[in-house]
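> Need coordinates for the below:
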Amino acid sequence: MNQRETFGSRMGFLLLSAGCAIGIGNVWRFPYVVGQNGGGAFVLFYLLFLAIMGVPVLSMEFAVGRASRKSPVKAYRELEKPGTFWHLHGYVAMAGNYMLMMFYTTVAGWMLYYFYSFFTGKFADLPVEQVGEAFGEMLASPGINVFWMIVVVVLGIFICSMGLQKGVERITKIMMMGLLSLMIVMAVRGLTLEGGINGLKFYLYPDFKKMAEVGIGNVIVAAMNQSFFTLSLGIGAMAIFGSYLKKENTLLGEAVNVAVLDTFVAITAGLIIFPACFAFGVNPDSGPSLIFITLPNVFVSMTGGRVWGSLFFLFMSFAAFSTVIAVFENIIACCMDLFNQERKQAALLNLIALLLLSLPCALGYNILSGFEPLGAGSSVLDLEDFIVSNLLLPLGSLVYLLFCTWKFGWGLDNYRREANEGKGLKLPVWVHAYLKFVLPLMIVAVFLQGIL
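Below you'll find the predicted structure:
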């Protein structure tokens with residue numbers, strides 16, 4: 001195989017890692033969970049758990065990648081002790097990346113379709129009830145779902161086939177710069193709407209009374225969950241970027257930078273959504289209905305709504321696409337390592353595989369709508385999302401954690417040596433006991449909560 005590719009710049013690495021972490025969940029879940037759990041008080045808990053749970057595990061994934069210089073599927077083999085079986089998780093992680101893309105490509109397609117619809121004026125002058133119906137009509141159409149899913153897969157694979165620096169890094173940099181600029185413009189617009197300040201107050205004002213109503217335990221669990229899932233840890237999606245990293249900076253410092261970018265996007269998403277919802281008297285909820293029914297209604301009622309709607313769905317498309325490209329890169333790198341393939345060959349193979357694997361979700365709301373795997377009203381997407389979010393991410397994170405902290409794995413000394421190489425934040429010795437004994441229990445708690 002040719003020599004390991006590396007990032008052209010540190011900025012490229014940070015934006016690509018953050019792009020992988022910044023997904024649709026940042027926008028359709030985070031603001032809602034904040035508003036529901038006492039506003040600013042929840043954000044403080046979230047930041048605490050991000051620092052003590054998310055960041056350490058992220059630095060471990062980076063460390064396994066950088067020390068092995070291999071994709072997740074081969075990284076364990078490089079570092080594990082002879083006769084141990086850690087490498088089996090590499091295959092599970094690879095399967096997790098495929099499973100994530102089996103539904104993510106369809107949802108990214110919805111974003112592109114809505115961007116196209118706003119841009120071409122399809123939503124102009126639609127009455128309120130028809131905006132909601134438009135979402136149902138989109139889901140019911142196999143043609144729309146499959147066509148836009150194909151667009152996402154073909155574009156993503158094409159970008160990855162161009163190489164790490166020329167394709168993945170270059171395009172993600174442009175998209176992430178666009179994403180961050182669009183968010184700032186739209187947040188300023190939201191805050192200047194009449195009545196928008198009430199939305200801001202609901203969103204970020206620490207409401208301890210509301211927190212007491214929800215129950216402090218529930219708020220803490222919600223903050224743990226959100227901080228844990230926001231970074232997409234546990235399926236090696238981050239380890240791959242570690243493998244392309246030079247040794248100039250410490251990994252704890254890099255993990256903090258990625259977490260800060262991810263949080264900035266999540267919090268700014270709320271600055272766009274809540275002021276707009278409050279200004280137009282719309283109840284902000286969570287999930288697909290927020291993005292595809294609530295917000296389009298807000299844009300339709302706004303002056304210049306076609307422009308703001310187009311910009312919002314362009315930003316959503318960037319958020320979804322940054323994750324798609326990052327995970328496709330992981331999948332292609334795994335195939336290159338595993339089957340000794342050239343990049344173009346691995347890209348072509350995965351183009352076919354991902355198109356076929358994404359079909360059940362694209363057809364899950366129409367042709368396959370009779371299949372309700374998790375009970376009445378559930379879909380293929382719900383099943384795939386449950387497997388990735390509630391099983392593969394927490395259990396995978398636990399595997400990375402045990403591998404990096406216990407002697408029967410790679411071991412704390414090796415992990416710490418790798419993480420502390422370079423300039424920046426170092427991992428102090430006193431955190432060892434926390435990483436070995438407390439953090440695993442917290443991740444198990446997140447896992448059990450997700451299963452329940």
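
> Distance of the nearest residue to residue 335 once chain neighbours are set aside relative to residue 352?
Of all residues not flanking residue 335 in the chain, residue 346 sits nearest, at 4.0 Å (Cβ to Cβ, 6 or more residues apart in numbering). Every C-beta, even on glycine, is put in place using the N, C-alpha and C of the backbone. Residue 346 is 11 Å from residue 352, where distance means Cβ to Cβ, to the nearest Å.

> With neighbour numbers in mind, choose between the two.
More crowded of residue 346 and residue 352, by other Cβ atoms under 10 Å: residue 346, with 23 against 11.

> same for the helix or strand hosting the more buried one, what does it pack against?
Using DSSP states H and E, residue 346 sits within helix 343-362. Counting contacts by 3 or more Cβ pairs under 8 Å, 6 or more residues apart in numbering; DSSP states H and E, helix 343-362 is packed against helix 87-119, helix 142-161, helix 305-339, helix 380-386.

> Please name whichever of those is nearest to residue 199.
helix 305-339 (15.4 Å; Cβ to Cβ).

> May I see the buried residues of the closest one?
Residues of helix 305-339 classed as buried: 305-306, 308-337 (neighbour count, 16 or more other Cβ atoms under 10 Å).

> about what we covered before: possible to save the helices and strands packed on helix 343-362 as a markdown table with mean pLDDT?
Below are these laid out as a markdown table (pLDDT from 0 to 100):
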| stretch | mean pLDDT |
| --- | --- |
| helix 87-119 | 97 |
| helix 142-161 | 98 |
| helix 305-339 | 95 |
| helix 380-386 | 95 |
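
> Of these, which is nearest residue 184?
Taking the helices and strands packed on helix 343-362 one by one with Cβ to Cβ, helix 305-339 is closest: 10.4 Å.

> Now do the end-to-end distance for stretch 363-376.
One end of stretch 363-376 to the other measures 17 Å (Cα to Cα, to the nearest Å).

> residues of that stretch that come out buried?
363, 364, 365, 366, 368.

> For stretch 227-247, list the C-alpha coordinates in CSV.
C-alpha atoms of stretch 227-247 as CSV (Å, rounded to 0.1, in the frame of the first residue of the first chain):
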residue,chain,number,x,y,z
SER,A,227,-23.0,15.3,25.5
PHE,A,228,-22.3,11.6,24.7
PHE,A,229,-24.1,11.2,21.4
THR,A,230,-23.1,14.6,20.0
LEU,A,231,-19.6,13.6,19.1
SER,A,232,-20.5,10.3,17.2
LEU,A,233,-18.1,8.2,19.3
GLY,A,234,-17.7,4.5,19.4
ILE,A,235,-17.7,3.4,15.7
GLY,A,236,-14.3,4.6,14.8
ALA,A,237,-15.6,7.6,12.8
MET,A,238,-13.1,9.8,14.7
ALA,A,239,-10.3,7.2,14.9
ILE,A,240,-9.8,7.5,11.2
PHE,A,241,-9.0,11.2,11.4
GLY,A,242,-6.5,10.4,14.2
SER,A,243,-4.7,8.1,11.7
TYR,A,244,-4.2,11.0,9.3
LEU,A,245,-2.9,13.3,12.0
LYS,A,246,0.7,14.5,12.4
LYS,A,247,2.2,14.5,15.9
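
> And that stretch, how far out from the chain middle?
11 Å (Cα atoms, centre = their mean, to the nearest Å).

> same deal with stretch 88-105?
With Cα atoms, centre = their mean, you get 13 Å for stretch 88-105.

> follow-up on the earlier one: and the buried residues of stretch 363-376, which is closest to residue 434?
Using Cβ to Cβ, residue 364 is the member of the buried residues of stretch 363-376 that sits closest to residue 434, with 41.8 Å.

> Go ahead and confirm the closest one touches residue 379.
Yes - the pair residue 364 / residue 379 is scored as a contact, 4.4 Å apart, by Cβ atoms under 8 Å.

> any shared contact partners between the two?
Contact criterion Cβ atoms under 8 Å, 6 or more residues apart in numbering; residues shared by residue 364 and residue 379: residue 371.
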